[in-house]
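Student: Just to be clear, the model below is a prediction. Sequence and coordinates:
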Amino acid sequence: MEKFVIEGGTPLKGEVNLCGAKNSGFKLLIASLYCDSFSTIHNFSKIGDVYSTAEIIRDLGGQVIFGDNHILKVSAEGMRMQVFSKKSGRLSRASTYFVGPLLYRFGRAVLPIPGGCMIGKRPLDRHLEGIKALGASIKNTGEYYEIKATKLKGTRYRFAKNTHGGTDIMIIAACIADGKTILENAAQEPEIDDLINFLNQLGAKITRVGPRIIEIEGVNNFKPSNFTVMPDRNEAVTFACCALATRGDIFVHKANPDVLTAFLEALKNIGGGFGIEENGIRFFYKGKLKCINITTRPYPGFMTDWMSLWTILMTQAEGESMVHETIFENRFAFVSEIKKMKAKIDLFNPVIDNPEKVYNFNILDDKPEYFHAAKITGPSSLKATKQEITDVRAGASMILASLIASGKSELTNIEHVDRGYENLDERLRSLGAKIKRINV
């Protein structure tokens, strides 16, 4: 077991490179299972999500070979299992992503309920209803989903609400369906287009014909490919917030402004410094930060994964800011820890006339004790404390708060951070952060 010990108060300065996108890399490993020989994936991120997916693939009989320079190879050669073990199935939230390749090879998939971060319920109905629409039968045993289909059939399917995972899973599965599948109200995230580009290189026929409409022509044969994972835009936001909150100056190589428009607009509104250059973006503190209100939205809106980092940044802004979370029903669990650091944050529920339309989560999953908005009053002089990390993004926000705070903070459950960030502590040290990883 390990923990972080962080001494705050140092402005972070320097240059940093982005790793491959967390929300793209693991999916490409799974999509590679349509091929009987090795696909090569470049710029994969050395994070828990990728390693757990690789372990599942090996458990099913497939092959994953990790090489140097962030290159790995994946093949379904030797794949013999269609049933997940309990251990492998609970390693990550990725189990339902395997439906397409398993049906392609065996006509059957037996999957446990996925794991992952505890930031709210994963609405699996948005995954499984789409698979049913493609002609699969699904049996819920209470512990497993048993999914069968001799051959999937193309369909027209409209997602009731935006779902990143549901869109991914339907794209992967529809690749092998007879005929054409049309997905309406499909998610727009850049990581989905990364998956589409990879599958098309394997031989799939997928076209985004509108912002939220995707057409897929089913195919029978696939060929291996070489592909480079897109840079992680969430990492870019993490380092940007570190630069501004610590009054530093960080150049983020490979940061792409085209996939950060909502974040850059928010930075402009609070007076945050940034400059777009040919090979990245420089983020820097240029004076007092202003308060603003933001609401998380599906892409191209302000991303839910940025919310906790932004909340910490707003503790350093002048005045009263508000953050309204609309994607997950219970994503403010980290606030109780941050308030121990003397942050002035009050949670509340805004009055909403039509919550079914405003909120992207399933309304039936909501509970009275969940809060969907935070009022942040700043600037606050944060104080070091001991904290427990609850999920990937909350972990990054707690690290950020600790970098701001006076004194030494201790963070436990850092495996959550390692699941989504490659060597984050090492890269922060390269920018001047006083952060140590200690065995306990």
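Tutor: On my side now, so go ahead. Keep in mind that what you see is a predicted model, and the values were worked out from it rather than measured.
Student: alpha carbons only for contacts and neighbour counts from here, please
Tutor: Fine.
Student: What is the burial count for Thr246?
Tutor: Applying other C-alpha atoms under 10 Å, we find 24 residues neighbouring Thr246.
Student: Show me what the host helix or strand of Glu55 packs onto, helices and strands only.
Tutor: Using DSSP states H and E, the element containing Glu55 is helix 48-59. With contacts taken as 3 or more C-alpha pairs under 8 Å, 6 or more residues apart in numbering; DSSP states H and E, helix 48-59 sits against helix 22-31, strand 63-66, helix 86-89, helix 415-420.
Student: Within the sheet, what are the partner strands of the longest strand anywhere in the chain, with directions?
Tutor: Secondary structure of the chain per DSSP state E: the longest strand is strand 317-324. Partners of strand 317-324 in the sheet, by DSSP bridges, are strand 289-290 (parallel), strand 293-295 (parallel), strand 373-378 (antiparallel).
Student: now what about the last one, what contacts it?
Tutor: By C-alpha atoms under 8 Å, 6 or more residues apart in numbering, the residues outside strand 373-378 that reach it are 311, 314-325, 344-350.
Student: try the first one
Tutor: Surrounding strand 289-290, the residues in contact under the criterion C-alpha under 8 Å, 6+ apart are Asn269, Ile270, Gly271, Gly272, Gln316, Ala317, Glu318, Gly319.
Student: try it again with 6 Å
Tutor: Residues outside strand 289-290 that contact it (C-alpha atoms under 6 Å, 6 or more residues apart in numbering): Ile270, Gly271, Ala317, Glu318.
Student: which SS class is the residue located most distally from the centre of the chain?
Tutor: With C-alpha atoms, centre = their mean as the measure, the chain has its most outlying C-alpha, relative to the mean C-alpha position, at Thr150: 32.4 Å. Here Thr150 takes the coil state, with states given by DSSP: H, G, I helix; E, B strand; the rest coil.
Student: Can you read off the backbone torsions of it?
Tutor: Per-residue torsions, Thr150: phi -70, psi -40 (degrees, to the nearest 10).
Student: Convert the least confident helix or strand in the chain by mean pLDDT to CSV, retaining C-alpha atoms only.
Tutor: None of the helices or strands of the chain scores lower by mean pLDDT, DSSP states H and E than helix 86-89, at a mean of 70. Taking Å, rounded to 0.1, in the frame of the first residue of the first chain, the C-alpha atoms of helix 86-89 are listed here in CSV:
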residue,chain,number,x,y,z
LYS,A,86,-15.3,-13.0,-11.2
LYS,A,87,-11.8,-11.7,-10.6
SER,A,88,-11.2,-10.4,-14.2
GLY,A,89,-14.7,-9.1,-14.6
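Student: Show me the contact partners of it.
Tutor: With contacts defined as C-alpha under 6 Å, 6+ apart, helix 86-89 is touched by Ile56, Ser95, Pro112.
Student: In space, what's closest to the first one - neighbours in sequence excluded?
Tutor: When you say that, I think you mean Ile56. Spatially, and ignoring its direct neighbours in sequence, Ile56 is nearest to Ser88 (5.2 Å; C-alpha to C-alpha, 6 or more residues apart in numbering).
Student: burial measure for that neighbour, as a count.
Tutor: 21.
Student: sorry, back to before: could you redo the strands paired with strand 317-324 as TSV and give each row distance to Thr238 and mean neighbour count?
Tutor: Below are the strands paired with strand 317-324 laid out as TSV (distance: least, C-alpha to C-alpha, whole Å; neighbours: other C-alpha atoms under 10 Å):
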stretch	distance to Thr238	mean neighbour count
strand 289-290	17	22
strand 293-295	17	17
strand 373-378	19	22
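Student: Including distance to Thr181, could those strands go into CSV?
Tutor: Listed next are those as CSV, based on distance: least, C-alpha to C-alpha, whole Å:
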stretch, distance to Thr181
strand 289-290, 47
strand 293-295, 33
strand 373-378, 38
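Student: okay if I get those as CSV plus mean pLDDT?
Tutor: Listed next are these as CSV, based on pLDDT from 0 to 100:
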stretch, mean pLDDT
strand 289-290, 98
strand 293-295, 98
strand 373-378, 98
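Student: Quick one, which of these gets closest to His164.
Tutor: Nearest to His164, of all the strands paired with strand 317-324, is strand 293-295, at 18.0 Å by C-alpha to C-alpha.
Student: And the contacts of the following helix or strand past that closest one?
Tutor: Next in sequence after strand 293-295, counting helices and strands by DSSP H and E, comes helix 307-314. Residues outside helix 307-314 that contact it (C-alpha under 6 Å, 6+ apart) are Ala245, Ser397.
Student: mean confidence score for helix 307-314?
Tutor: What helix 307-314 shows for mean pLDDT is 98.
Student: got the angle for that helix vs strand 317-324?
Tutor: Per axes from the mean of the first three to the mean of the last three C-alpha atoms, to 10 degrees, the angle that helix 307-314 makes with strand 317-324 is 160 degrees.
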